[in-house]
Each structure stands twice: as structure tokens, then as C-alpha cells.
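Engineer: Predicted coordinates and the sequence they were generated for:
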Amino acid sequence: MDVSQIPPEQLAQMPAGPSPNGEPPNFINPESRSPGATASIVVILSIAMIVLWMRIYSRARISKQLGVDDLFAMIAGAVSAAMSGVAIALLNQGGFGPHTWNVRLTDLLKPHYNYMTFTLNITNFWSSAFAKLSILFFLLRVFPRKVRPTIAYLIYIGAAINGLFYCILTIYTGVVCAPRQSTGGFYPAKCTPAVRLQTGQASAAVNAFLDLYILAISLPTLWALQLPKGKKLGVIAVLCTGILACICSLIVLYYRVHFISLLDFSWDQVLPITVGIWEPLVALITACLPALPALWVAVSRTGFSSIRNMLSFSRRSGTQRSNDSYRLEDHEPSEHSSNKSLNGKENGIRVQSSFQTQYEVVEDQVANPKARPFGSV
């Protein structure tokens, strides 16, 4: 069908696909998966950015040991934020979320739709790549080549596979599937849905492989460290959050292999898109968590020190007030105390005490004028 021959008014009322039940399209308030997907991305992105900030603060201000792994983590954070923003915009512009028969065909024919999907793919590639590089180079800090050469070489191999694969995938995607201005922002003819699906399957497969590869390197080696059992379990528990990234990669791979039907793609693709966004964000969180204990220790020490200082100050203040009260009560003012004080024969404390007594009498007289004659003590 040549959509260029269809009048714009008629084209605006055409759905992107036929309804299986013959129902009329609902373009006004259709059921959509977009709100839930958007909320989940915002929550995980917020956690990832907070944890990333804590990591950089801990490394830069507390341990003062910024390294290459921190640089990769910061790049992964920037690319992940861009990826999440594009995904949220794409999920809420009408092309994804509702059922295909409730999506206007014109929403899929807008040039920015193709540009956004292309940008989402590229940012997803590199957010995953930089998050994995951050984890690998963190492991290299823990197991330097002079100490554990075998582990170091395995890390180098993983980093090389990671970087080389995503470079090739980015170049291939850019050459084959980048939208062209000469075609009005549409994909080239050779970038068929099957080609885009195969690219997504390759990305998901390598993501899952690299996640499992990193776990296979790190967990046995960390378990062999000479650490107290509690600390060892804590370190492994932190890195085991990487299992969540593996699960995300496997879910995306499963959907991209088994759900190849395009009959309801705008509805079916929301879950793999969302989980595909989660995967690099969870990988970034995993990369940042091992650096946080130093921050926790520093904050705990500062907090406990502040509490001790406050308690110490309170005790000193209470002791001082008790001593002052004792001195005031120990010297009862006589009826001539004011004259003696004015003559300089008594200290200033008794002047204040006598003045305070007279002030209380005046205050009482103002409140109860019939209680006693004014001026009597």
C-alpha cells in the first residue's frame, strides 16, 4: 500500500494494524503498557544515579582513588540517562504501549519515530558496554595482573570482546539502519524488520554471555579470598546483584527470539524494551555498590563523632548550670544585699539574685494586685 496516495485526513484515522476482533480503533484513551513501563524506568534510573553519585563521592573525597573503572561508570551513567530519556519519550509518544490497532498509522510514519528508535538502540548498546567495562576494570583493581595473572587475562579478554562487539554492532547498525534524510527520515529499504530483529537478538545474546562471563570470573575468585566469612558473603552478595542484569538479558533474548510476530508489536515490544533498559541500569548499580562501604564507614564515623560531641557538650553544660545554681542558692540575699552590691562589697551574682527576687515580687503584684500591698516584701 502506497500511503503517499492516501489523503492526510483519511490517513490520520487509519490504525497501524487490524483488530483481531473487528473492534473499531480507540485513539483517545486506549489501554496501554506505557505508564507502568515509564514508572519502572524512572525508579531504577533514580536509584542508579544516586548510587553512581555516592560511588564517585566516595572515591573522589574519601578514598581519593579515582580510577579507570570510575571513568567508565560515569560514562555509563551519562549514556544510561540519555537512553532512559529517549525510551520514556518513545513509550509516551503513541508508537509503543497501546495495541497496534489503537495506534495511529501516522504515529509510526513520523520521522522522529525512526530517529528515536535508532538512538535508543545505539545508547542501549553503549550503556551496557560501559557498565560492563566498569565492572571488569574494578575486578582488575581487586586482582591486578602481578597478583592474579590468570584472572587479569580473563578480564582483558572480556573487555576486548565487549568493546569489539559493540563497535562492530554500532557500525553495522549505522550503515544498514540509520534513518536517511534523503528518504524523509525513514529506514533504508535494506533495514527490514527482520534485520532489526536479528540485530536485537545478537545484542541480547552477547549481553547475556558477558554478564554470565563476568559472574563466572568474579564469584569463584572472591570466594577464594582470605577474608572473614561475613565480609566475604557481603562482597559476594553485592556482586550477585549482577545476576539481576543476567536475568534481564535472558528475558530480552527470550522475547526477541520467540516473539517475532508483528501483529501487535506496539503492545508486545513494551516489555522487552523496558527490560532492555533495566539491564544496563542494574549493571551500573552493580558496578557502583562495591565502592559504597567506604562511604558508609566515613558517614558512620562522622555521625558517631557528632553525637559524642553533642552528648559531651550537653554534659558540660549541665554541670556548669548545676554549679551556678549551687552558688546562687548558697548565698541567700539579705535585705541590704542591693546596697552592699552597689557598694562593691559583694559579687555580681548576688546583685542579679536580689534583682531577680524583686522582679518576681513586682510581677506577682501585677498579676494579683490584692494579694499584698505594693512594695511590701
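Structural biologist: Structure's in. What do you need? From a predicted model like this one, the values you see are computed outputs, not experimental measurements.
Engineer: Break this structure into its domains for me.
Structural biologist: Using automatic domain parsing, the domain ranges for the chain come out as 3-19+29-298, 324-377.
Engineer: which of these is buried the deepest?
Structural biologist: domain 3-19+29-298 (a mean of 18; mean count of other C-beta atoms under 10 Å). For glycine as for every other residue, the C-beta is placed from the backbone atoms N, C-alpha and C.
Engineer: Run the chain-centre distance for that one.
Structural biologist: 14 Å (C-alpha atoms, centre = their mean, to the nearest Å).
Engineer: low pLDDT regions in the stretch 251-377 of the chain?
Structural biologist: Applying pLDDT under 70 to the stretch 251-377 of the chain picks out residues 259-262, 293-377.
Engineer: elements contacting the one helix or strand residue 168 maps to?
Structural biologist: Element membership for residue 168, per DSSP states H and E: helix 149-177. Contact partners of helix 149-177 among helices and strands, from 3 or more C-beta pairs under 8 Å, 6 or more residues apart in numbering; DSSP states H and E: helix 111-142, helix 193-223.
Engineer: Do you know the pLDDT at residue 192?
Structural biologist: pLDDT, residue 192: 86.
Engineer: cool, residue 94 as well?
Structural biologist: Reading off the model, residue 94 has pLDDT 78.
Engineer: who are the neighbours in contact with it?
Structural biologist: 103, 104, 107 (C-beta atoms under 8 Å, 6 or more residues apart in numbering).
Engineer: Which residue, other than its chain neighbours, is closest to residue 243?
Structural biologist: residue 215 (6.8 Å; C-beta to C-beta, 6 or more residues apart in numbering).
Engineer: The one you found contacts residue 241, doesn't it?
Structural biologist: No: in this structure, residue 215 is not within contact of residue 241 by C-beta atoms under 8 Å, at 10.6 Å.
Engineer: tell me the contacts of the closest residue to residue 265 other than its chain neighbours?
Structural biologist: Leaving aside its chain neighbours, residue 265 sits nearest to residue 100 (6.2 Å; criterion: C-beta to C-beta, 6+ apart). Contacts for residue 100 (C-beta under 8 Å, 6+ apart) come out as 15, 16, 17, 263, 264, 265, 266, 267.
Engineer: and if you look at residue 170?
Structural biologist: Counted by C-beta under 8 Å, 6+ apart, residue 170 has contacts 122, 125, 126.
Engineer: got the end-to-end distance for stretch 17-30?
Structural biologist: 14 Å (C-alpha to C-alpha, to the nearest Å).
Engineer: Now tell me what touches it from outside.
Structural biologist: With C-beta under 8 Å, 6+ apart, stretch 17-30 has contacts from 13, 15, 98, 99, 100, 101, 102, 103, 104, 263, 264.
Engineer: what are the phi and psi values for the nearest residue to the third one once chain neighbours are set aside?
Structural biologist: If the residues on either side of it in the chain are set aside, residue 98 comes closest to residue 30, at 4.0 Å by C-beta to C-beta, 6+ apart. Backbone torsions of residue 30, given as degrees, to the nearest 10, read phi -70, psi 160.
Engineer: Look up how far residue 168 lies from residue 30.
Structural biologist: Per C-beta to C-beta, to the nearest Å, residue 30 is found 39 Å from residue 168.
Engineer: Would you state the helices of this protein in chain order?
Structural biologist: 8-11, 34-57, 68-91, 105-109, 111-142, 149-177, 193-223, 229-239, 242-258, 265-268, 270-288, 292-330, 337-342, 348-367 (DSSP state H).
Engineer: what is the mean pLDDT for the third one?
Structural biologist: By that I understand helix 68-91. 96.
Engineer: That one to helix 34-57, inter-axis angle?
Structural biologist: Helix 68-91 and helix 34-57 are oriented at 160 degrees to each other (axes from the mean of the first three to the mean of the last three C-alpha atoms, to 10 degrees).
Engineer: Helix 68-91 versus helix 111-142: what angle between them?
Structural biologist: Using the same axes, to 10 degrees: helix 68-91 against helix 111-142 is 160 degrees.
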